[in-house]
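1. pasting a predicted model and its sequence here:
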Amino acid sequence: MRGRRGAAALVAAGILAGAGGCGSGNAAVFHPAGSVSPAPVETPLPGPGGQHLGSFRFPSDVSIDFTAPAPADAARRAVIAGYQDYVLSLWAAVLTHGKNTTYLRHAGGNAAGFVRREAARYASPGMTVKGTITYNDTRIAGVYFGTGADVLSCVDASAFHQVNAQTGAQGPALPARLTRYLENVAEGRSNDGTWSVTRMAIYPATSTQGAMCR
């Protein structure tokens, strides 16, 4: 999935320009002042292929997939975009061994702490991640007064691997108990209309809370 630019592409809907008329001589032709937009449709969130976050481009052997359809409502799409940017900034920090600090714009509270801990696990230049991590069934659980929101997502990291570039040894990219898990984040809206993750909770699929993600 792509970063903010990818989310912006979702906002664009096909526009049907209403223009037409026929006649001869000096007959007046009606030119409508506006345009008519088709009924909103759900569009899939961006998947792999040229993913980037700002100036950071993800390696070709790393795919961060968002499979749920985007909300038709623009305001709710912005909430999902905030979550998407948080996820991308997390893995950008990991892949750069903590040097990419874009996450500070997209995460606060314990969510930022989670990013820092994961980046620390990959502090060695020889450690990296490869493969695909998938965020399924991403949805908004609630929006509060237009400035707060809760988002749920089932995460499948079973095809995402930690790789030692020197030895070739592989292991799970996340702790083994988080091969599949439910992620619940709280988001806040800034004055410029963008959303960022302010709090998060993770429930392994083996737990009662995360059972929906098995």
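-> The structure has been received and is ready for your questions.

2. so where do the strands sit in this structure?
-> When assigned using DSSP state E, the strands of the chain occupy the ranges 52-53, 56-57, 62-66, 127-144, 148-164, 170-172, 180-189, 195-204.

3. what lines up beside the first one in the sheet?
-> To tie it back to what came earlier, the one meant is strand 52-53. As defined by DSSP bridges, the strand partners of strand 52-53 come to strand 56-57 (antiparallel).

4. the fourth one too?
-> Strand 127-144 has the following sheet partners, assigned by DSSP bridges: strand 62-66 (parallel), strand 148-164 (antiparallel).

5. who's residue 127 bridged to?
-> Residue 127 has these beta-bridge partners by DSSP bridges: residue 164.

6. got the contact list for it?
-> Contacts were defined as Cβ atoms under 8 Å, 6 or more residues apart in numbering; by that measure residue 127 touches 97, 121, 162-165. Yep, even glycine has a C-beta here, placed from its N, CA and C like the rest.

7. tell me which of the strands paired with strand 127-144 lies nearest to residue 110.
-> strand 148-164 (14.9 Å; Cβ to Cβ).

8. who's in contact with stretch 114-123?
-> With contact meaning Cβ under 8 Å, 6+ apart, stretch 114-123 is reached by 89-90, 93-95, 97-98, 103, 107, 127-129, 162, 174, 200, 202.

9. what comes up buried for it?
-> By 16 or more other Cβ atoms under 10 Å, the buried positions in stretch 114-123 come out as 114-116, 118-119, 121-122.

10. centre-most residue in the chain?
-> For the chain, the residue nearest the mean C-alpha position is residue 84 (1.7 Å; Cα atoms, centre = their mean).

11. hmm, it is touching residue 68, no?
-> No: using Cβ atoms under 8 Å, residue 84 is not in contact with residue 68; the gap is 10.4 Å.

12. list the buried residues in stretch 53-70.
-> 53, 56, 58, 62-68, 70.

13. which of those lies closest to residue 169?
-> Set against residue 169, the nearest of the buried residues of stretch 53-70 by Cβ to Cβ is residue 62 (17.8 Å).

14. didn't that closest one look like it was pressed against residue 129?
-> Yes: using Cβ under 8 Å, residue 62 makes contact with residue 129 at a distance of 6.4 Å.

15. on that earlier part again, can you put the buried residues of stretch 114-123 in JSON lines and add distance to residue 157?
-> Putting the buried residues of stretch 114-123 into JSON lines (distance: Cβ to Cβ, whole Å) gives the following:
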{"residue": "114", "distance to residue 157": "14"}
{"residue": "115", "distance to residue 157": "15"}
{"residue": "116", "distance to residue 157": "19"}
{"residue": "118", "distance to residue 157": "11"}
{"residue": "119", "distance to residue 157": "16"}
{"residue": "121", "distance to residue 157": "13"}
{"residue": "122", "distance to residue 157": "14"}
